[in-house]
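**Q** sequence and predicted structure, then a few things I'm wondering about:
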Amino acid sequence: MNIVSSPEEKRFRAECRDWLAANIPSERRPLDATDAVAFDKAWQRCLFDAGWAGINWPIAYGGRGLSLIEQVIWLEEYARAGAPWIGANFVGINHGGPTLILNASDEQKAYHLPRILKGEAIWCQGFSEPDAGSDLAGIRTSARIDGDMLVINGSKIWTSFAHVADWQELILRTEAGSRRHAGLSWVICDMNTPGIEVHPIRKMSGQFEFAQIFYDDVRIPLANAVGGIGNGWKVAMSTLNFERGTGFIADQVKLGLEVEALVSKARASGAIRDECIADQLAQSRAEVAALRAMTYRNVSEVARNGQPGAEASVIRLFTAELGQRLDRLGVLLAGQDILDFRYGDDTLVSDYLRGFAGTIAGGSSQIQRDIIGERILNLPKSR
């Protein structure tokens with residue numbers, strides 16, 4: 001990737017910036033997922049109608065068919081403008097949709113991709129399980145084939161937006177007796193199917209965003225398998241690589257803005273004179289710059305190979321842990337102001353509490369380190 005923008009890319013960046021400045025909603029996005037879903041759908045529809053949804057998605061499915069570089073530019077400007085988090089649309093837009101583009105049948109793409117881009121369909125992710133955690137290869141939720149149907153039994157947990165979702169990207173064990181990576185399938189599950197029971201989980205920051213899901217003889221069409229029965233591990237890896245790589249570009253820009261806000265706060269309060277505080281701020285600035293460089297390198301790999309590789313885990317891990325360090329530093333600089341925190345407020349402390357999920361969701365830090373060690377550094381497997 002050439003980090004020196006071409007004239008066309010500069011014009012595109014200016015177009016993004018101008019549109020965002022004129023169209024960002026004046027009202028704040030509600031914090032709770034149930035309250036926010038109408039806001040999220042309306043904002044996504046606004047983006048779609050104006051041509052800003054699916055920058056690099058195929059034109060045939062509602063996107064603009066532009067380059068990955070232009071997608072990165074859009075995400076950077078989106079974050080710099082302080083535009084609303086896409087919230088309930090996150091799964092569908094950032095990794096469900098891209099996974100379908102790469103792996104799904106023409107019929108699956110034609111039906112689902114336009115609905116995702118228009119904000120008409122909310123997706124959730126059914127990967128983690130109570131007895132497997134981040135160990136995707138250890139899942140037990142199973143499906144047996146009954147004619148042209150899959151019959152599903154089991155449970156998933158920590159499923160973001162499950163209680164407001166229309167569809168789910170669901171990993172199942174479809175081969176009885178299979179172990180680890182073998183015998184898995186990635187399927188599209190209609191969340192309104194009989195036999196699905198969703199139990200919302202309150203986060204320690206006060207919001208209901210996660211849920212546990214129970215499946216009791218849930219029947220979905222065999223045709224809903226993406227990439228074919230038994231090919232779930234390969235499809236799931238493309239999902240996670242999208243989530244761990246390009247899905248966090250906007251978050252990384254926000255980290256840079258957060259560092260500069262903390263520097264300004266430290267200067268205003270005089271805390272910058274504390275050598276320890278100054279060192280942490282300088283280190284954070286350097287880490288944001290390093291993260292940006294790693295992200296651009298990863299985007300270059302995606303542009304060449306069509307999908308992120310294991311290097312995406314480096315970015316995922318570094319983004320999450322840097323975010324938590326900045327949240328802790330922000331709380332430190334806030335001093336006694338943190339005592340005014342109330343559940344449901346969109347405050348610094350809410351961000352701090354929500355940030356704990358960063359090193360768990362999408363694969364824990366330990367899982368990311370295993371991937372980095374085994375697939376990038378070629379170290380012996382940990383198990």
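**A** Yep, that arrived.

**Q** low-scoring pLDDT stretches of the stretch 101-250 of the chain, where are they?
**A** Low-confidence segments of the stretch 101-250 of the chain (pLDDT under 70): 132-137, 205-206, 239-248.

**Q** what segments of the stretch 51-200 of the chain are helices?
**A** 68-80, 90-91, 97-103, 106-117 (DSSP state H, counting those that start in this stretch).

**Q** and what of the stretch 201-350 of the chain?
**A** Going by DSSP H, counting those that start in this stretch, the stretch 201-350 of the chain shows helices at 232-244, 249-269, 275-305, 312-334, 348-354.

**Q** most tightly surrounded among the ones you listed?
**A** Among those, judged by mean count of other CB atoms under 10 Å, the one packed with the most neighbours on average is helix 232-244 (a mean of 23). Using the backbone N, CA and C atoms, a C-beta is placed for each residue, glycine as well.

**Q** need the helices of the stretch 51-200 of the chain in a markdown table (columns: distance to S264 and mean neighbour count).
**A** Converted to a markdown table, those look like this (distance: least, CB to CB, whole Å; neighbours: other CB atoms under 10 Å):
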| stretch | distance to S264 | mean neighbour count |
| --- | --- | --- |
| helix 68-80 | 16 | 21 |
| helix 90-91 | 29 | 23 |
| helix 97-103 | 36 | 23 |
| helix 106-117 | 37 | 18 |
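
**Q** with respect to N192, which of those lies nearest?
**A** Closest to N192 of these, according to CB to CB: helix 106-117, at 14.2 Å.

**Q** now do the closest one: distance to the chain's middle.
**A** 19 Å (CA atoms, centre = their mean, to the nearest Å).

**Q** so what does that helix touch, helix or strand wise?
**A** helix 97-103 (3 or more CB pairs under 8 Å, 6 or more residues apart in numbering; DSSP states H and E).

**Q** could you work out the end-to-end span of stretch 351-371 for me?
**A** Length of stretch 351-371, first residue to last, CA to CA, to the nearest Å: 28 Å.

**Q** may I see the buried residues of it?
**A** Neighbour counts over stretch 351-371 (16 or more other CB atoms under 10 Å) mark 351-355, 357-365, 367-368, 370-371 as buried.

**Q** so which of these belong to helices?
**A** 351-354, 365, 367-368, 370-371 (DSSP state H).

**Q** would you point out the most distant pair within these?
**A** Largest pairwise distance in these, by CB to CB, is 28.0 Å, between D351 and D370.

**Q** now do the strands in the stretch 51-200 of the chain.
**A** Applying DSSP state E, counting those that start in this stretch to the stretch 51-200 of the chain gives strands spanning 123-126, 142-146, 149-156, 167-173, 184-190, 196-202.

**Q** in its sheet, what does the longest one sit against?
**A** The one in question is strand 149-156. strand 142-146 (antiparallel), strand 208-221 (antiparallel) (DSSP bridges).

**Q** do you know which of these lies nearest T174?
**A** So among these, strand 142-146 is nearest, using CB to CB, at 5.0 Å.

**Q** picking that back up, what's the closest of the helices of the stretch 51-200 of the chain to H199?
**A** helix 90-91 (18.5 Å).

**Q** my read: P84 touches R29, true?
**A** Yes: here P84 reaches R29: they are 4.5 Å apart, a contact under CB atoms under 8 Å.

**Q** what touches both of those two?
**A** 39-40, 43 (CB atoms under 8 Å, 6 or more residues apart in numbering).

**Q** which residues sit in contact with the spatially closest residue to L317 that is not a sequence neighbour?
**A** Leaving out its chain neighbours, the residue that sits closest to L317 by CB to CB, 6 or more residues apart in numbering is Q368, at 4.1 Å. By CB under 8 Å, 6+ apart, Q368 lies in contact with 244, 313-314, 316-317.

**Q** what do you get for P58?
**A** 65, 101, 113.

**Q** S67 versus that one, what's the distance?
**A** Separation of P58 from S67 (CB to CB, to the nearest Å) stands at 13 Å.

**Q** kindly report the same for R354.
**A** 32 Å.

**Q** check contacts around R115.
**A** A121.

**Q** pull up the distance across stretch 144-154, start to finish.
**A** So stretch 144-154: terminal residues 12 Å apart, CA to CA.

**Q** how about residues contacting that stretch?
**A** 129, 139-143, 170, 172, 174, 176, 185, 187, 189, 195, 214-225, 229.

**Q** go again using 10 Å as the cut-off
**A** Identification of contacts with stretch 144-154 by CB atoms under 10 Å, 6 or more residues apart in numbering yields 126, 129-131, 139-143, 170, 172-176, 185, 187, 189, 193, 195-196, 213-225, 229.

**Q** cool, stretch 262-277 as well?
**A** Taking CB under 10 Å, 6+ apart as the rule, stretch 262-277 contacts 278, 280-282, 284-285, 326, 329-330, 332-335.

**Q** what about 8 Å?
**A** Under CB under 8 Å, 6+ apart, the answer for stretch 262-277 is 278, 281, 284-285, 326, 329-330, 332-333.

**Q** and that stretch, end to end?
**A** Stretch 262-277: ends 10 Å apart by CA to CA.

**Q** how does the protein divide into domains?
**A** Following automatic domain parsing, one finds the domains of the chain at 7-123, 124-231, 245-376.

**Q** okay if I get those domains as a markdown table plus distance to M237?
**A** Below are the domains of the chain laid out as a markdown table (distance: least, CB to CB, whole Å):
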| stretch | distance to M237 |
| --- | --- |
| domain 7-123 | 10 |
| domain 124-231 | 9 |
| domain 245-376 | 9 |
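
**Q** can you check the distance spanned by stretch 191-204, start to finish?
**A** End to end - CA to CA - stretch 191-204 spans 26 Å.

**Q** distance between stretch 376-383 and the chain's centre?
**A** Its chain's average C-alpha position is 26 Å from that of stretch 376-383, according to CA atoms, centre = their mean.

**Q** C-alpha coordinates for that stretch, PDB please?
**A** Extracted as PDB, the C-alpha positions of stretch 376-383 are listed here (Å, rounded to 0.1, in the frame of the first residue of the first chain):
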ATOM      1  CA  ILE A 376       3.400 -16.300  12.200                       C
ATOM      2  CA  LEU A 377       6.400 -17.200  14.300                       C
ATOM      3  CA  ASN A 378       6.100 -21.000  13.600                       C
ATOM      4  CA  LEU A 379       6.400 -21.900  17.200                       C
ATOM      5  CA  PRO A 380       5.200 -25.300  18.500                       C
ATOM      6  CA  LYS A 381       1.500 -25.600  19.100                       C
ATOM      7  CA  SER A 382       0.500 -24.800  22.700                       C
ATOM      8  CA  ARG A 383      -1.800 -27.900  22.900                       C
END
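
**Q** cool, thanks, signing off.
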